[in-house]
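[1] Model the following, please.
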Amino acid sequence: MRMVLEMIPPDERTKTKQLLNAYLLEMGETAGPDGEVDYPYLDSYWQEPDRVALKALYDGEWMGLVLINRFVLGEPKAGKRSIAEFYVLPAFRRKGLGRQMAHRVFEQYGGAWEVRQDIGRKAAQQFWRRVIGEYTQGRFEEVELCTAEYRVVMQCFDV
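    Numbering: from 1, shown residues only. Presented below is the predicted three-dimensional model:
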């Protein structure tokens, strides 16, 4: 079986929220008194057609998740997809599975993409440059965006 991507059904929302919470805490977000990080968009992944929630399974076990939407910062905006969240559980890291996961997403959803990382997340930037560079054979554009609202590095490309 190895690594597969599947849509996350609504009845797995609790598991999704747990993984998303672990990821957001790892990224330095602050938890509320209940120990959870507020993520106001989670339910919209089962309600809005332009949002996709995927789970990555390795031999049937959850190894990560990917949330995809169409919220993009760069131009042109029309038709682009964006990876809103991308998480690989620690036990599955450094094995090439994150790269495999990203490549499967690009294969399954094709089209124009914008992948963003916070400007201070150097390891994430290195990961995405390598993964996208490999997938596109170096055919991507990287843009730095610094505004009052956003400080990100973005890779933009077509598949």
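
[2] quick one: Glu141 from Val52, how far?
    Glu141 sits 23 Å away from Val52, going by Cβ to Cβ, to the nearest Å. For every residue, glycine as well, the C-beta is placed using N, CA and C.

[3] Settle it for me: which of those two has more neighbours?
    Using other Cβ atoms under 10 Å as the criterion, Glu141 and Val52 rank with Val52 on top: 19 against 10.

[4] Next one, pLDDT for the more buried one please.
    On the pLDDT scale, Val52 is placed at 97.

[5] May I have the residues that are in contact with it?
    Taking Cβ atoms under 8 Å, 6 or more residues apart in numbering as the contact definition, Val52 lies against Met7, Tyr45, Val66, Leu67, Ile68, Asn69, Tyr109.

[6] With Tyr23 instead?
    Contacts of Tyr23 by Cβ under 8 Å, 6+ apart are Leu65, Glu85, Tyr87.

[7] Could you list the buried residues of the one helix or strand it maps to?
    Using DSSP states H and E, Tyr23 sits within helix 13-26. Across helix 13-26, burial judged by 16 or more other Cβ atoms under 10 Å covers Arg13, Thr16, Leu19, Leu20, Asn21, Tyr23, Leu24.

[8] Report how many residues lie close to Lys122.
    Counted with other Cβ under 10 Å, the neighbours of Lys122 add up to 11.

[9] give me phi/psi at the residue of the chain most remote from its centre?
    The centre of the chain is farthest from one residue, Pro33, which by Cα atoms, centre = their mean lies 26.3 Å away. Main-chain dihedrals, Pro33, degrees, to the nearest 10: phi -60, psi -20.
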